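> got a predicted structure here, sequence first:
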Number of protein chains: 4
Amino acid sequence: MARHIMTLTCDDRPGIVAAVSGALLQVQANIVENQQFSDEDTALFFMRTVFDAEADDVETVLAAVRESPAVAHQHLAVRPADEHCRTIILVSKFDHCLLDLLYRWKSGDLPIDIVGVVSNHEDCRALVEYYGLPFTVIPVTAETKADAEAELLRMVDANDVGLVVLARYMQILSDSLCRALEGRAINIHHSFLPGFKGAKPYHQAHDRGVKLIGASAHYVTADLDEGPIIEQDVVRVTHAETPARLVALGRDVERRVLSRAVRDHAESRVFLSGRRTIVF
Amino acid sequence: MARHIMTLTCDDRPGIVAAVSGALLQVQANIVENQQFSDEDTALFFMRTVFDAEADDVETVLAAVRESPAVAHQHLAVRPADEHCRTIILVSKFDHCLLDLLYRWKSGDLPIDIVGVVSNHEDCRALVEYYGLPFTVIPVTAETKADAEAELLRMVDANDVGLVVLARYMQILSDSLCRALEGRAINIHHSFLPGFKGAKPYHQAHDRGVKLIGASAHYVTADLDEGPIIEQDVVRVTHAETPARLVALGRDVERRVLSRAVRDHAESRVFLSGRRTIVF
Amino acid sequence: MARHIMTLTCDDRPGIVAAVSGALLQVQANIVENQQFSDEDTALFFMRTVFDAEADDVETVLAAVRESPAVAHQHLAVRPADEHCRTIILVSKFDHCLLDLLYRWKSGDLPIDIVGVVSNHEDCRALVEYYGLPFTVIPVTAETKADAEAELLRMVDANDVGLVVLARYMQILSDSLCRALEGRAINIHHSFLPGFKGAKPYHQAHDRGVKLIGASAHYVTADLDEGPIIEQDVVRVTHAETPARLVALGRDVERRVLSRAVRDHAESRVFLSGRRTIVF
Amino acid sequence: MARHIMTLTCDDRPGIVAAVSGALLQVQANIVENQQFSDEDTALFFMRTVFDAEADDVETVLAAVRESPAVAHQHLAVRPADEHCRTIILVSKFDHCLLDLLYRWKSGDLPIDIVGVVSNHEDCRALVEYYGLPFTVIPVTAETKADAEAELLRMVDANDVGLVVLARYMQILSDSLCRALEGRAINIHHSFLPGFKGAKPYHQAHDRGVKLIGASAHYVTADLDEGPIIEQDVVRVTHAETPARLVALGRDVERRVLSRAVRDHAESRVFLSGRRTIVF
């Protein structure tokens, strides 16, 4: 028997759990973990089920669930639990998020396979190569942006990539690329209470004397920095912190929050429900 | 249709979820929320299911689950979701935890009905009566301890009490009372890293220069302060805090942790699995 | 010898600490605690010194500091360390912040003397009177607003009030009242990452799927909810929280943050430096 | 003018601040930052002063403070603020703390100069050499332990090392080495509430169902894992975490806590006061 993860999004109506658990029981699968949520706002039902079953039986389970009248307008998937999410990391010059991802991947903390690291700059080559991974530079200028994005998308498609991580990638993705990567591209950015618009946000936060600085990881959408939030965290600061120190503390929060979001995505724990996420 | 909460503990084997969800579907009940966990250490399965169903159908559901061959050695219960947990609060002189519970109960934050507050001292009478609740003093001395505990147990039994909260009750319960209240008496005490044995723990913590002080809420067992932990939290402190200030900060953590544990218990979220708890 | 707290704000230049410590040494005062900060943005110097001295000698110390050429454009004050800050609490209908302040005051946790509680509604009368404090209702309508504020200001002046706490007081203060209370009126409000404009912020936060909700305590200024921040904190939430539950969790953060800000102010730990605060 | 950090520990008596600030004023030094604390338990006074002064004048300042009758039994030091603390890192096989230190050092986040990394195993060589630092293997067996420690101590002495970091170094230092490194060797270890004695602490924590796991950084003393605590932190866990996952989460806390402690030490913020630390 092998461990599998099933994810299901569908209309919320009676009988879904019975349909799924019945289909699993039919092949003598054992449910190890199960989480579900009914979102009253969107009238959608979300389910993540970890089960042990013969690999040959999985298609039978899927067919049974798909054909159940209880499971309407479904988005249904099953993957082996030990299958790693194929991942491309985008980075520019700041390497704090990149290193954290590489280290956790190497330690076996993150269930991802890193297909490669793509950057618009040379800066992170040595680090990426130290970790034995391919490093591809795709420079981006106003003129080459469309081509650069096309090349990235080719890499995504050719490698069956399930996750693109913008690990402090300082280029704005075009609307069409955002759509092409919907639900599988994660960005990280600083967050403050209150929020600050415009340039030098850490300087603004310093001028305003905030006592907390934070970061949010979210799915990329065409609406810049406004995609569905996956994870957030903050760190306490005082008046004595300089803007430079705030930036350094911000790096710590950013890398921590991004790594958690990547793990959640790679473990198939994150579901989209309108403008927000369900994270099991 | 009325909302219900079903809790189930049984041997972990295939078919449990199918049995439960099948029984619910049979009466056209709708599952609103569902959490489950298989504890590999104890080989036990835990499930908490919130569902909407006709009140008349609940007995049918219970019977179907009980008779399922998949559900062995079960502990199964269903309650209306809006049914409040009948609760007795024990207190001595410190009133910080008591007030927090009373305030949250009054605000509708805690789904409990407070049958009464019992104390071995008069100190908290005015506070309890301000909240319109009965206050009973049962003094405890070495000679009267057995009688006092018997009286408390009579109150518990006579009022169908599902939860006894030791809100800084400074008497050690006898082994037999601990057993009689197993799984439905919650205590709160300070916790430190590292732990400190003996008297004046906050002074010891101060002498040792700890940077965090904490509190743990746990089920009462005969093994003093070592029952299954339900909730824990900490607060940061510095060298500048006096022992008295540590005690004051400790009060804050204690009341916060205890109220969360009481809520979890009252919402039927806490399950016992050997020496530890499963909290959904 | 009695313990005193000296607070000093002045232009940042060499010799300030020598002037202050010299003046204190002259009367054989003993410095117990000392914190200082030079704000490079505003070129201001801030100092909070706790010292033990004969009460008769304090005026000598003040005179010496005042006359020192090193201490220019000073704002200098000394108070007995055990002198409580005379405080008026404003409240409307929500009583969670009010109760937390009253309880901490009663426990000796907050060094304030509560002159009275003022409200535009009757709702909190019983609670305030339980704590043995005067409760004054000053209704506010568009027509009576100016009179109501004048009455409040008379109470502030007549009672030598050093702190007005807006403990969920749901009236917007006029610009002139804000100016009259500058640096001694503290407000609390919810804070999110990102921030939300407009009505029902907790519903907006829910729709947006935030993973943290927070609160900020700040000095009241004419610029609504944008005064210098004194304290902030957050609490983690998940997709499963309803808007109503977010509001309840928000209450917890609000009361915690407000009480900390009140304590900091009452212990003379908060200094204004332009749009931000220095908190020792 | 250059920025300097002065640290002073002495008997607590009147006139110390006046002596120091007077000495600084004499050479027209400007105090940028100043923190002090009087420990009533040990009757000791602690002070950390950051000031700008001509380098030539520093000896004058030191002499004036040393000769002041107010400053008895002093431990007095001044260093340029931009002088980095010369550091040796000890490591065995686990590299999570090591990498975090190396990364922060490389980013300019930690004001240390890493003289070298010493290990009793080969495992971390590639990582250390990637960062361009010398890696020395000193194997330790029961027979060679004394020699190994002597060699380490020679490295410490020869390189004027101000800090030895045990970044998950799995050897117990001898009492004499602990004494030789007193106040300049920092260790990190896991911490729980309650504490667990004996082997496999994360498994014990799992069995006990703790809801928080933590780490403590402390100065090394002959009393194993009981030295003065510099920094602590925790992370929340649930029943669903396996022991392996607890270990992974523990790594995160360990590296965060150790890096903060190293920074505090390297910025001369940590003072010893009996069994505890003062951290400014």
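Great, that's in hand.
> need the helices for chain A, in chain order.
Secondary structure of chain A (DSSP state H): helices at A:16-26, A:58-67, A:96-106, A:125-130, A:145-158, A:175-180, A:201-208, A:243-266.
> touching, residue A:87 and residue A:118? I think so.
No - judged on C-beta atoms under 8 Å, residue A:87 makes no contact with residue A:118 at a distance of 11.2 Å. C-beta coordinates here come from the backbone N, C-alpha and C atoms, glycine included.
> residue A:163 - how many residues pack around it?
22 (other C-beta atoms under 10 Å in any protein chain shown).
> do you know how far it is from residue A:84?
Note on residue A:163: its distance to residue A:84, by C-beta to C-beta, to the nearest Å, is 10 Å.
> now list whatever residues contact both of the two.
A:112, A:266 (C-beta atoms under 8 Å, 6 or more residues apart in numbering or on different chains).
> follow-up on the earlier one: and of the helices of chain A, who's closest to chain C?
Of all these, helix A:201-208 sits nearest to chain C, with 6.1 Å by C-beta to the nearest C-beta.
> which helices and strands does that closest one pack with?
strand A:185-192, helix A:243-266, strand C:276-279 (3 or more C-beta pairs under 8 Å, 6 or more residues apart in numbering or on different chains; DSSP states H and E).
> now mean neighbour count, mean pLDDT and distance to residue B:123 too, for these, in CSV please.
Formatted as CSV, the helices and strands packed on helix A:201-208 follow (neighbours: other C-beta atoms under 10 Å in any protein chain shown; pLDDT from 0 to 100; distance: least, C-beta to C-beta, whole Å):
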stretch, mean neighbour count, mean pLDDT, distance to residue B:123
strand A:185-192, 24, 93, 45
helix A:243-266, 21, 96, 45
strand C:276-279, 24, 96, 35
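> adding distance to chain D, write these out as CSV.
Shown next, in CSV, are the helices and strands packed on helix A:201-208 (distance: least, C-beta to the nearest C-beta, whole Å):
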stretch, distance to chain D
strand A:185-192, 17
helix A:243-266, 5
strand C:276-279, 12
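> before we move on, the earlier item: which one of residue A:87 and residue A:118 is surrounded by more residues?
Using other C-beta under 10 Å as the criterion, residue A:87 and residue A:118 rank with residue A:87 on top: 26 against 22.
> any idea what the more buried one is bridged to?
Legend: beta-bridge partners of residue A:87 under DSSP bridges are residue A:114, residue A:163.
> so residue A:55 sits against residue A:2, correct?
Yes - using C-beta under 8 Å, residue A:55 is in contact with residue A:2, at 5.3 Å.
> neighbour-wise, which of these two wins?
Taking neighbours as other C-beta under 10 Å, residue A:55 and residue A:2 compare with residue A:2 leading, 14 against 10.
> any idea how far that one lies from residue D:182?
Following C-beta to C-beta, the distance that separates residue A:2 from residue D:182 is 55 Å.
> repeat that for residue A:121.
From residue A:121 to residue D:182 the distance is 46 Å (C-beta to C-beta).
> before we move on, back to that, nearest to chain B among the helices and strands packed on helix A:201-208 would be which one?
Closest approach to chain B among those is made by strand C:276-279 (13.7 Å; C-beta to the nearest C-beta).
> partner strands of the closest one, parallel or antiparallel?
strand C:270-273 (antiparallel).
> and the partner strand, what's its mean pLDDT?
Strand C:270-273 shows an average pLDDT of 96 in the prediction.
> can you give me the offset of it from its chain's centre?
10 Å (C-alpha atoms, centre = their mean, to the nearest Å).
> how about the residues of the stretch 51-200 of chain A near chain C?
Contact residues, the stretch 51-200 of chain A versus chain C (C-beta under 8 Å from any C-beta of the partner chain): A:191, A:192, A:193, A:194, A:195.
> how about JSON lines for the residues you listed, with distance to chain B added?
Shown next, in JSON lines, are these (distance: C-beta to the nearest C-beta, whole Å):
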{"residue": "A:191", "distance to chain B": "22"}
{"residue": "A:192", "distance to chain B": "21"}
{"residue": "A:193", "distance to chain B": "19"}
{"residue": "A:194", "distance to chain B": "24"}
{"residue": "A:195", "distance to chain B": "26"}
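> mind picking the two most distant members of the residues you listed?
A:191 and A:194 (10.2 Å; C-beta to C-beta).
> ok, residue A:76 - how many residues close by?
When neighbours are counted by other C-beta under 10 Å, residue A:76 registers 16.
> swap that for residue A:60, please
16.
> how about the closest residue to it other than its chain neighbours, what does it touch?
Nearest non-adjacent residue to residue A:60, counting by C-beta to C-beta, 6 or more residues apart in numbering or on different chains: residue A:27, 5.6 Å away. Residue A:27 sits next to A:53, A:54, A:57, A:60, A:61 when contact means C-beta under 8 Å, 6+ apart.
> try it again at 10 Å.
Each residue near residue A:27 by C-beta atoms under 10 Å, 6 or more residues apart in numbering or on different chains is listed here: A:51, A:53, A:54, A:56, A:57, A:58, A:59, A:60, A:61, A:64, B:14.
> so which of these wins on neighbours?
Using other C-beta under 10 Å as the neighbour test, the contacts of residue A:27 are led by residue A:51, with 26 neighbours.
> surely that one meets residue A:26?
No - using C-beta atoms under 10 Å, residue A:51 makes no contact with residue A:26, being 12.0 Å away.
> that older thread, what pLDDT does the residue nearest to residue A:60 get?
So, for residue A:27, pLDDT stands at 95.
> just residue A:224 next, same as before
On the pLDDT scale, residue A:224 gets 67.
> cool, and the one 4 residues further on?
The model reports residue A:228 with a pLDDT of 95.
> that one: neighbouring residues, count only.
Neighbour tally, residue A:228, other C-beta under 10 Å: 20.
> quick check: it vs residue A:265, distance?
12 Å.
> common neighbours of those two, please.
A:183, A:219, A:277.
> quick one: residues contacting the closest residue to residue A:211 other than its chain neighbours.
In space, and not counting its chain neighbours, residue A:211 is closest to residue C:232: 4.3 Å by C-beta to C-beta, 6+ apart. Residues in contact with residue C:232, defined by C-beta under 10 Å, 6+ apart, are A:192-194, A:209-213, A:234, A:236-237, C:191, C:214-218, C:253, C:257, C:260-261.
> wait, what's in contact with residue A:234?
So residue A:234 contacts A:191-193, A:210-215, A:253, A:257, C:193, C:212, C:214, C:232-234 (C-beta under 10 Å, 6+ apart).
> shared neighbours of residue A:55 and residue A:2, which are they?
residue A:80.
> separation between the closest residue to residue A:116 other than its chain neighbours and residue A:112?
Of all residues not flanking residue A:116 in the chain, residue A:134 sits nearest, at 4.1 Å (C-beta to C-beta, 6+ apart). Distance, residue A:134 to residue A:112, by C-beta to C-beta: 15 Å.
> so those two - more neighbours on which side?
residue A:112 (22 against 11).
> residues in contact with the residue lying closest to that one once chain neighbours are set aside?
Excluding its sequence neighbours, the residue lying closest to residue A:112 (C-beta to C-beta, 6+ apart) is residue A:87, at 4.3 Å. Contacts for residue A:87 (C-beta under 10 Å, 6+ apart) come out as A:101, A:105, A:110-117, A:159, A:161-165, A:184, A:186, A:262, A:265-266.
> if I look at residue A:87, how far off is chain C?
Distance, residue A:87 to chain C, using C-beta to the nearest C-beta, to the nearest Å: 22 Å.
> what does residue A:86 give?
26 Å.
> that residue contacts residue A:112, doesn't it?
Yes - in this structure residue A:86 lies within contact range of residue A:112 using C-beta under 10 Å: 7.5 Å.
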